[in-house]
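**Student:** Sequence and predicted model, in that order:
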Amino acid sequence: MDATDLDFRARTRSGCIPPELVARPLERGRADVVKSQAGHGQWFCALAWARLLGDRGREPDAWEVLAPYAATGRWTAVVAAAGLPEGWGRVDEAIDIARMRMEAGNPMALDAYTSLLARHGRAEEAFDLLVPYVDAWVLATALVNVACVAATSASVTPSSMRSPSGPSPTGSYPSPARSTATRSAG
């Protein structure tokens, strides 16, 4: 399985069975069709089949379905694979899966890893992991979301968000305090 091809097909829905079509055979009791297509590289079929197996208590089988997709390193597949044990209440296992991919250097991993930590009572740890990357705009939403969960948003100021690799990202953009003052004055 090739990560680039998998990413292209899932993003563009070109050469793959889209999720809205995957649901139809399942609704009609034809899980066998979805299972077959999952085994032939159809990402959305594999995802639906794995979820169905998990719902039926066949967790090892569900993991086996998604493992080849997650092994490509494609982040959507890794998130889905981590979501399986999270949904089964095995949070530590889900966190381990996300952490391994983060440590492997996947650019989207930090966002998903910290969101997972925050959802499960480790928001301050997640916040501390994100602060050094505040100048990475791709992580800005994650930082704000985690800060809210951690109840540390009041302590987040432009000076506390300086990255070791560069200046504060507030640059030419108004700070949150100025934006609030501008809105209330207007």
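**Tutor:** Happy to help now that I have it.
**Student:** Check which residues of stretch 27-46 are buried.
**Tutor:** If you call a residue buried by 16 or more other CB atoms under 10 Å, then stretch 27-46 has these buried ones: 31, 33-35, 37-38, 41-46. For every residue, glycine as well, the C-beta is placed using N, CA and C.
**Student:** Report the residue spans of the chain with pLDDT below the cut-off.
**Tutor:** 1-3, 6-7, 10, 13, 107, 151-186 (pLDDT under 70).
**Student:** same thing but 80
**Tutor:** Residue ranges of the chain with pLDDT under 80: 1-15, 73, 75, 105-108, 138, 150-186.
**Student:** Out of the buried residues of stretch 27-46, list just those in helices.
**Tutor:** Of those, the ones assigned to helices by DSSP state H are 31, 33-35, 37-38, 43-46.
**Student:** just curious, which of the residues you listed is nearest to Gly15?
**Tutor:** Here the nearest of these to Gly15, counting by CB to CB, is Trp43; it sits at 10.4 Å.
**Student:** For Leu66, which residues are in contact?
**Tutor:** 46-47, 50, 77, 80-81, 84 (CB atoms under 8 Å, 6 or more residues apart in numbering).
**Student:** Next, it: secondary structure please.
**Tutor:** Secondary structure state of Leu66, per DSSP: H, G, I helix; E, B strand; the rest coil, is helix.
**Student:** any idea how far it is from Ala142?
**Tutor:** Noted for Leu66: a distance of 23 Å to Ala142, by CB to CB, to the nearest Å.
**Student:** Glu20 too?
**Tutor:** Distance from Glu20 to Ala142, counting by CB to CB: 28 Å.
**Student:** Look at those two and report which has more neighbours.
**Tutor:** A direct count of neighbours by other CB atoms under 10 Å for Glu20 and Ala142 places Ala142 higher, at 23 against 9.
**Student:** What are the neighbouring residues in contact with the closest residue to that one other than its chain neighbours?
**Tutor:** In space, and not counting its chain neighbours, Ala142 is closest to Asp111: 4.3 Å by CB to CB, 6 or more residues apart in numbering. By CB under 8 Å, 6+ apart, the residues touching Asp111 are 138-139, 141-142.
**Student:** Alpha carbons only: can I get the helix or strand containing Asp111 in CSV?
**Tutor:** Using DSSP states H and E, Asp111 sits within helix 109-119. C-alpha atoms of helix 109-119 as CSV (Å, rounded to 0.1, in the frame of the first residue of the first chain):
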residue,chain,number,x,y,z
ALA,A,109,0.9,14.1,14.6
LEU,A,110,1.4,16.8,17.2
ASP,A,111,-2.0,18.3,16.6
ALA,A,112,-3.8,14.9,16.9
TYR,A,113,-1.6,13.7,19.7
THR,A,114,-2.2,16.8,21.8
SER,A,115,-5.9,16.8,21.1
LEU,A,116,-6.1,13.2,22.3
LEU,A,117,-4.2,14.1,25.4
ALA,A,118,-6.5,17.0,26.1
ARG,A,119,-9.7,14.8,25.6
